[in-house]
Structure formats: C-alpha cells, structure tokens
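Enquirer: Show me the folded form of this:
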Amino acid sequence: MAIQKPFAVVPLPLGTVTTGNEIASRPAIHLNEFKNPGMVWQSSGNTNLWVRGNFGSAKAMDFCSVISANALVGTTIRVRVGDTQAEVDGTADYDSTAVAFINPSITRTDGLYCSHLEFPALQTKQWWRIDFAGHTGDFIAAAIVLGKKVQFADFYSPDFEFGVADQAEIDWGRFGVVDEADGRLMRTLSMNFGWMTDSDRSTNFQPLVETLGKRGVALWLFDSDATIQRQSKTYFGWLSSPTFFKPAAPNQIRYQAQFQILSMI
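Expert: Have a look, this model is predicted:
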C-alpha cells in the first residue's frame, strides 16, 4: 500500500450532545472536552450505545474519529450525518453503515484505540449520530472529532521525527538521592515541509496555524493508510512550538515550515 500524505482535522464543537447510555460522573458531553482526555464518556453496560449531536447550524465535515476508546475486536461503529434529528436516527444523507472500530485489527498495550472514517464527499450538515455495537462491558471514549481534513499538497521532508516528551521531573542530590515529580509521557511528531507552494501555504498551512495558535488542538494523521501502524501514526494535541513560513530558496515562490506536535494520546 502507498504511503499517504499527512493531514490535520480541527475538531468541530459538538453542540448539544445526547446519548442512550451514560453514567452520571462520565456523561457524553465530556466527548466535547478535547483538551482533557481524562474527562471521558462511559456507558453502563453495552445497551443503547449511541451519541447524537446538534451543531446548531450546518457545518462542513468529511472526517470522523472517536478518540481513545476501549474498543474490542468485535466493536463496530456507525456514523450518520443529516439535516434533522429524524434523518440521523433513520435514513441519513451520509451513513457509513456499521464497520469495524479497530481497522486493521491490532493489539495495543493500553487497550485504547482511535477510529478512522473518511467520508467519500464533503457533507455540510447540522446533525450527527454515532452508534456502537458488538461491544462487551462498559464503553469508554475520550473525544469525538468531526471536521474537515486539511491535507497537504506535498509530502514532508525526510528529516521527520517520532519521539516522546516526558512531562515528569527528576533530579539527583549530591549523594545520589533521586527526587522525582510524576508526569505524563506524551508522544511527539516533527514534520518539516521544505518545498510547499504559495497556494498550499496560503490555503492550507497558514490558515491551520492561525486557527490553532498554541492553545488549539487538532487530530494529525501522519500516514492514514490502513496498516497496523496507523494507530501509532495518529496524534491528537497541540503545536508545541511556533510555526513560521520562510522562503525555501532565493528567488523561489516556495516555502518551508516545521510542524512540531505534542500529543495527548
């Protein structure tokens, strides 16, 4: 399979969220807390596993992901978007039908997976609904990302980097006594785009940077091809350093910029 060009999705605010099953301390509205992965939606058992939302007005989207879910091999996901609640509860303008949540099937040590659904065409709709089936026990998920893909026209340069940023602190006293402060290990991704066109800069890269700043979060797919590595190439988080655009070479209308992502998943 061919390596796919990376893309980013800025999550749309989910609007009014309802569900068929939630526990009081972990309601479905937590799926809208994009910056707080510890605030999750949890069901009580595996019946009525659906969430539905009303954006309040029509929004453009061609992508859906459910973040950090305790899906199992048999868990399925079905996404519908439409103009009314009746449509998404029945026959919707877009209906993914039920597909495997973990695709391709892999085993992760943390037991948490991200779905990946790309719509065949851009949908501009007000309502959305996601159903889960084939699950055993309580279903847990951290966030739902619905939005429009920003896919870059060219590939990254070969000097990309995968890494980990340890948010803990450690120090050693004069006699070798260790002083530690707990913190989270966060995955990192660094991509340098060294030869972007002015059109790609002005229509894709720069608007994305201006939307996110240093506080906004996005879902980043380094390579969306359906291989066992797709989960490990999925990132959800912040730009960890400012992104600048500068000419790639003298007298050339080409630009270069580096994207550094700090991921919470």
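Enquirer: just checking, V150 touches K5?
Expert: No - the criterion here is Cβ atoms under 8 Å, and V150 misses it with K5 at 10.9 Å. Just so you know, the C-beta spots here come from the backbone N, C-alpha and C atoms, and that holds for glycine as well.
Enquirer: When the two are compared, which one has more neighbours?
Expert: V150 (19 against 15; other Cβ atoms under 10 Å).
Enquirer: Work out the sheet partners of the strand or helix carrying the more buried one and label each with its direction, please.
Expert: Assigned by DSSP states H and E, V150 belongs to strand 149-151. Partners of strand 149-151 in the sheet, by DSSP bridges, are strand 7-9 (antiparallel).
Enquirer: In the chain, where is pLDDT below threshold?
Expert: 1 (pLDDT under 70).
Enquirer: in it, which spans are helices?
Expert: For the chain, the helices defined by DSSP state H occupy 85-89, 198-200, 206-212.
Enquirer: Show me which residues of stretch 246-262 are buried.
Expert: Neighbour-count burial for stretch 246-262, counted by 16 or more other Cβ atoms under 10 Å, picks out 255-262.
Enquirer: can you redo those as TSV with distance to D166?
Expert: As requested, the buried residues of stretch 246-262 are exported to TSV (distance: Cβ to Cβ, whole Å):
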residue	distance to D166
Y255	32
Q256	29
A257	26
Q258	21
F259	21
Q260	16
I261	16
L262	12
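Enquirer: which residues are in contact with the strand holding V150?
Expert: 5-10, 62-63, 118, 204, 207-208 (Cβ atoms under 8 Å, 6 or more residues apart in numbering).
Enquirer: go with 10 Å
Expert: Identification of contacts with strand 149-151 by Cβ atoms under 10 Å, 6 or more residues apart in numbering yields 4-10, 61-63, 118-119, 122, 200, 203-205, 207-208, 211, 218-221, 224.
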